[in-house]
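**Student:** sequence plus predicted model, see below.
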Amino acid sequence: MLILDHHRNPEPIDMDKERLQKLGAALHRYCLSLTRSGSEADDLAQETWAKALSYRKFTASTNPEALLLRMARNTWIDHIRRNSALIRAVERSGTAAASTVAVQGDLTGIELIFQALLAHLTPLQRTALVLRDVLGYSAAEAAGLLDTTEGAVKAALHRARLALVMVREELDSHEGPALPQDADYRAYLRALAQAYEHGQIPVMLELLRQETAKTSASAVSTFTVQAVHSGLAGELRMAA
């Protein structure tokens, strides 16, 4: 279960309950049309409301519904771009099958990609790969975020790119990656994918740094990290 506690209380929205309900219904319908998924629509609507609440001019807008829907659209586009960047990084050799990774069991395609990366890359290799090849950070910026040297980042990235052959083979296999049986580990994969999709870089890096499946699962129930997303300070707590 993911709980997002905002440390900065937004100013109350100066709208009556009926107006808020109508806005909420319109937002959810729009999010559902974008995502084609009830759960993803709920997540997108929640994230959009969080952004709207932190935007001081929201209530002063002459057309708050249009502004709200535009926020939702931009947020969804950001999600799509990040997910596409992750798929492209996995497909470096030209193999296209990774883009067809579909939902398997209760795991999404992005969760399955992360599962394969976790299985074949070390913590430094996977963090370097995501920062450099997926998110476009420079070697110096990645080194600063990972508290290491540029040389170490470059070496880890080189090894990660070589290891992607095994990642692609696992994703391209007929059965796909073996589904994890441990519920905590599945929760960890969900937390990792959501942190990545929502642009919560500090959360994602902390989760990617976990050494083993055991510590990864433990992190879901015990770890708390401070994250900043779209100017909104928040604390993401994972609980089993």
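**Tutor:** Ah, there it is.
**Student:** what are the ranges of the strands in the protein?
**Tutor:** Assigned by DSSP state E, the chain shows strands spanning 2-6, 224-229, 232-238.
**Student:** among those, which gets the worst mean confidence?
**Tutor:** Note on the strands of the chain: lowest mean pLDDT is at strand 232-238, with a mean of 33.
**Student:** relative to Leu118, how far out is the residue lying closest to Arg190 once chain neighbours are set aside?
**Tutor:** Leaving aside its sequence neighbours, Arg190 sits nearest to Glu111 (CB to CB, 6 or more residues apart in numbering; 6.3 Å). To be clear about C-beta, it is placed using only N, CA and C from the backbone, and glycine gets the same treatment. Going from Glu111 to Leu118 by CB to CB, to the nearest Å gives 10 Å.
**Student:** who touches both of these two?
**Tutor:** When CB atoms under 8 Å, 6 or more residues apart in numbering defines a contact, no residue borders Glu111 and Leu118 alike.
**Student:** name the residue most distant from the centre of the protein?
**Tutor:** Residue farthest from the centre of the chain, counting by CA atoms, centre = their mean, is Asp16 at 33.3 Å.
**Student:** tell me the pLDDT of the residue nearest to Thr108 when sequence neighbours are not counted.
**Tutor:** Among residues not flanking Thr108 along the chain, Ala193 sits closest, at 6.3 Å (CB to CB, 6+ apart). As predicted, Ala193 sits at a pLDDT of 89.
**Student:** any idea how far Met204 lies from Ala152?
**Tutor:** From Met204 to Ala152 the distance is 19 Å (CB to CB).
**Student:** show me which of the two is the more surrounded one.
**Tutor:** Legend: neighbour count by other CB atoms under 10 Å for Met204 and Ala152, higher for Met204 (26 against 16).
**Student:** before we move on, the earlier item: contact partners for the residue farthest from the centre of the chain?
**Tutor:** Per CB under 8 Å, 6+ apart, neighbours of Asp16: none.
**Student:** distance check, it against Ala72.
**Tutor:** 22 Å.
**Student:** can you give me the helices for the chain?
**Tutor:** Using DSSP state H, the helices of the chain run over 17-35, 38-54, 64-90, 109-120, 123-129, 139-146, 150-172, 183-197, 201-208, 213-222.
**Student:** per-residue pLDDT, the residue nearest to Arg209 when sequence neighbours are not counted?
**Tutor:** In this structure, Arg209 finds its nearest non-sequential neighbour in Pro123, 4.8 Å apart by CB to CB, 6+ apart. Looking at Pro123, its pLDDT is 95.
**Student:** and what of Cys31?
**Tutor:** 90.
**Student:** again, but for the one 4 residues further on
**Tutor:** According to the model's per-residue confidence, Thr35 sits at a pLDDT of 82.
**Student:** surely it is in contact with Trp76?
**Tutor:** Yes: contact between Thr35 and Trp76 holds when scored by CB atoms under 8 Å: they sit 6.9 Å apart.
**Student:** common neighbours of these two, please.
**Tutor:** Leu44.
**Student:** I figured Leu189 hits Glu111, correct?
**Tutor:** Yes: in this structure, Leu189 is within contact of Glu111 by CB under 8 Å, at 4.4 Å.
**Student:** the nearest residue to Met204 once chain neighbours are set aside: neighbour count?
**Tutor:** Take Met204 and drop its neighbours on the chain: the residue closest to it by CB to CB, 6+ apart is Ala195, 4.1 Å away. For Ala195, the count of nearby residues is 24 (other CB under 10 Å).
**Student:** which parts of stretch 50-64 are buried?
**Tutor:** 50-55, 58, 64 (16 or more other CB atoms under 10 Å).
**Student:** and for stretch 130-144?
**Tutor:** So, applying 16+ other CB under 10 Å, buried residues of stretch 130-144: 130-135, 137, 139, 142-143.
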